[in-house]
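Undergrad: Got a predicted model here, sequence first, then my questions.
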Amino acid sequence: MVISPAAGAAEVSFFPALHLRYAAAESRLIAALDASAGVAHLRASHARLVRLGLSGSSFLVSKLLRRLAELGVPMDPYPRLAFSQVPHPNAFLWTALIRGYAVLGPFQEALSHYTLMRRAEAPPLSFTFSALFKSCGAARCLDSGAQVHAQTILLGGFDADLFVQNTLVDMYVKCDHLPSARRVFDGMCARDIISWTSMIVAYSRSGDMGSAEMLFERAPVKDMVAWTAMVSGFAQNARPRDALTVFRRMQEEGIEADDVTLVGVISACAQLGAIGEARWVCDILQKMGLQKNVVVGSALVDMFGKCGLIGEARQAFEAVEEKNVYTYSAMIVALAAHGQAKDAIKLFEQMVEKTQVKPNRVTFIGVLTACSHAGMVEKGRLYFNSMEDKYGIFPSPDHYACVVDLLGRAGLLREAFELVNSMPGEAHGGVWGALLGACRIHVNVEIAEVAANALFELEPDSIGNYVLLSNIYAHAGMWDKVSHVRKLMRGKGLRKNPGCCFVEAKDGAIHEFFAGDMSHPRTREIKAALEELLDRLRLAGYVPNMSCVVRDVSDEEKRSLLKGHSEKLALAFGLLTTEAGETIRIIKNLRVCDDCHAVMCLASSVTERKIIIRDNLRFHHFQAGGCSCGGFW
DNA sequence: GTAGGGTTAG
């Protein structure tokens, strides 16, 4: 329908002249506020508002506040000032102000303005409560949230509003108070997909994916967000296979996926560390054109790093235009894990000098581990000291663990030990573990015993600590102590994890090898290939390192046990199943022993192959007789 | 208008 200008004019001519002018100015201002591209535009519109004497209009100012909050303009001083110029703010304006604080903080201001609003006798809206719950959730302030909840019940009506209930559930979820969330959810007489999704997330956050799954199945409709909540839930709860299964189901059901979904998928692939899956997800991303997205890109950097594809990690990093601290940290950590310490540090320097990106605690974990792997003690100390002085980041026990590792590996065991004793706060398992690890490298029984005792208190069931201590005794030739630790382990019902390796074949099949394992269908070929390889290595000067066998048996038996180490079997399998010149990739569940490390170095030169091993902590790139870890592992 | 996202050590 077309309204003629004359008809419109007839309608507005009911208004007095003054009103007409204001009404026209108002509608122009509404349009201007709606269309404002940035803060400068909004400020200009607001200035016009002031000139026209309309800066006291609740309606216009609430519109202004909403737009400013959308743009992330801090509440103080400007939006708050605009609010204070309104003599009689109505409930909508109060709510816009409260919502602004709920989105941008400081969160307690939302609550105190609610109090002021009540004092001004403005009647709260459902919108007001949703803003308050949002702010309590963001502040993770359960007490205030529960108080506001009580208010809604007291005032009546609000607690039955679907919108209010949904934000209420979400508030309890964000405060990690599952029982209250569930109580509200169960009391709802109508639920929409948002209610169901909030509750699914509640269980996923608490680690109870079983209940999350049950709710997901019960939900009458499932949209992309609900499906994504399941994908991310499994990914966040260390169930990458299930995350991928849900994603495949989602695709089968024809539900679209977006960047958030894919981030969950990428994170699952990172945990699997499988190259086949990584390439598959990368194809999907390319089709969707998501590589520039900073969250996707940061997850990608991490995924490629964990899959051993450090070059691809770098490419993913470069593809992100607006890199943030996650992108940089993921790249720095990946470089450190691959032994490219100098590049990690170069990137860090570049970040602090040439960008606005501020490092955080995780960035420093990456920087300190890089220093540690490269043996850069002085540089590490410098960075550690700069954390608080230059960046205002208080070092956590995790950072102390990195520095203890740094000093310990470099042989400064005494200093490392003193640092543990003098650090503020309690040393945790990571700190003592780093010290114990250093004691293994430098065979220091005295400090090892102190560290081990602390660890047995802190982590009584962690098998690795007993194994480490027993290995240190073995290296020192203290066999009676070795058997004592063994007894200790047996008494606790703990059994040593068998060493095992995975090799991902070209068809994506995973081949598994255990120490001394004969179960692979091609065992005979593998053994023959290994013997042949070891013969060639011996000609190149290889001598088995018997100290790697931490059992008191004959040399003959030691030689045989060494040969059966799972990474050697995996290497032989790799040689059998790949072409000349191809890289061999092996994943190992434990640390690589010195003998296997030496074998890999030599083999890389004798066979002219690149060999990449991911152990439980980092990557080793063997090439031309050397390893990227430079002996630090 | 309310629900789903990425980097951490021995």
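TA: Sure, I can see it. Just so it is clear, the model here is predicted, and its values are computed rather than measured. Numbering: from 1, shown residues only, chains lettered A, B, ... in the order given.

Undergrad: Give the closest residue to the residue in the stretch 351-500 of chain A that DNA strand B sits nearest to in space, chain neighbours not counted.
TA: Relative to DNA strand B, the nearest point of the stretch 351-500 of chain A is residue A:433 (1.8 Å; Cβ to the nearest atom of the strand). Where C-beta positions appear, they are placed from N, C-alpha and C, glycine not excepted. Computed as Cβ to Cβ, 6 or more residues apart in numbering, the closest residue to residue A:433 that is not its neighbour in sequence is residue A:455, at 6.4 Å.

Undergrad: Residue A:464 is in contact with the one you found, correct?
TA: No. Under the criterion of Cβ atoms under 8 Å, residue A:455 makes no contact with residue A:464, lying 9.0 Å away.

Undergrad: Between those two, which has more neighbouring residues?
TA: residue A:455 (23 against 18; other Cβ atoms under 10 Å).

Undergrad: Please name the residues that touch the more buried one.
TA: Residues in contact with residue A:455 (Cβ atoms under 8 Å, 6 or more residues apart in numbering) are A:429, A:432, A:433, A:436, A:462, A:465.

Undergrad: Quick one, which of these are buried?
TA: For the contacts of residue A:455, a burial check counting by 16 or more other Cβ atoms under 10 Å picks out A:429, A:432, A:433, A:436, A:465.

Undergrad: where's the dip in pLDDT among the residues you listed?
TA: Lowest pLDDT within these is found at residue A:465 (91).

Undergrad: Find the helix or strand that it is a member of.
TA: helix A:463-475 (DSSP states H and E).

Undergrad: and that helix, does that touch DNA strand B?
TA: Yes. Residues of helix A:463-475 contacting DNA strand B under Cβ under 7 Å from any atom of the strand: residue A:465.

Undergrad: can you give me how far the helix or strand following that helix is from the chain middle?
TA: Next along the chain after helix A:463-475, taking DSSP H and E as the criterion, comes helix A:479-491. In terms of Cα atoms, centre = their mean, to the nearest Å, the centre of helix A:479-491 is set 38 Å apart from its chain centre.

Undergrad: strands paired with the helix or strand just after helix A:479-491, and their directions?
TA: Downstream of helix A:479-491, the first helix or strand assigned by DSSP H and E is strand A:500-504. Counting by DSSP bridges, the strands paired with strand A:500-504 are strand A:510-514 (antiparallel), strand A:584-588 (antiparallel).

Undergrad: For the first one, buried residues please.
TA: Of the residues in strand A:510-514, those scored as buried under the neighbour-count criterion (16+ other Cβ under 10 Å) are A:511, A:513, A:514.

Undergrad: so who does the first one touch?
TA: Contacts of residue A:511 were listed using Cβ under 8 Å, 6+ apart, and they are A:502, A:503, A:504, A:505, A:520, A:570, A:573.

Undergrad: Just among these, which is most surrounded?
TA: Using other Cβ under 10 Å as the neighbour criterion, residue A:570 leads the contacts of residue A:511 with 28 neighbours.

Undergrad: was I right about it contacting residue A:500?
TA: No. Using Cβ under 8 Å, residue A:570 is not in contact with residue A:500, being 9.1 Å away.

Undergrad: Now list whatever residues contact both of these two.
TA: A:513, A:588.

Undergrad: still on that earlier bit, just to confirm, which helix or strand has the residue nearest to residue A:433 in it?
TA: Here residue A:455 is assigned to helix A:445-458, by DSSP H and E.

Undergrad: That helix and DNA strand B, any residue contact?
TA: Yes. Using Cβ under 7 Å from any atom of the strand, helix A:445-458 reaches DNA strand B at residue A:455.

Undergrad: Which residues belonging to that helix are considered buried?
TA: A:447, A:448, A:449, A:450, A:451, A:452, A:454, A:455, A:456, A:458.

Undergrad: Residue A:419 versus the second one, what's the distance?
TA: Using Cβ to Cβ, to the nearest Å, one gets 16 Å for the distance from residue A:448 to residue A:419.

Undergrad: ok, back up a step: can I get the CA coordinates of the helix holding residue A:455 in PDB?
TA: What follows is helix A:445-458, C-alpha atoms only, in PDB (Å, rounded to 0.1, in the frame of the first residue of the first chain):
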ATOM      1  CA  VAL A 445      69.300 -38.800  44.300                       C
ATOM      2  CA  GLU A 446      69.300 -36.500  47.200                       C
ATOM      3  CA  ILE A 447      67.000 -33.800  45.700                       C
ATOM      4  CA  ALA A 448      65.000 -36.500  43.900                       C
ATOM      5  CA  GLU A 449      64.000 -38.100  47.100                       C
ATOM      6  CA  VAL A 450      62.600 -34.800  48.500                       C
ATOM      7  CA  ALA A 451      60.800 -34.000  45.300                       C
ATOM      8  CA  ALA A 452      59.400 -37.600  45.100                       C
ATOM      9  CA  ASN A 453      58.100 -37.500  48.700                       C
ATOM     10  CA  ALA A 454      56.300 -34.200  48.100                       C
ATOM     11  CA  LEU A 455      54.800 -35.700  44.900                       C
ATOM     12  CA  PHE A 456      53.700 -38.900  46.700                       C
ATOM     13  CA  GLU A 457      51.800 -36.700  49.100                       C
ATOM     14  CA  LEU A 458      50.300 -34.500  46.400                       C
END
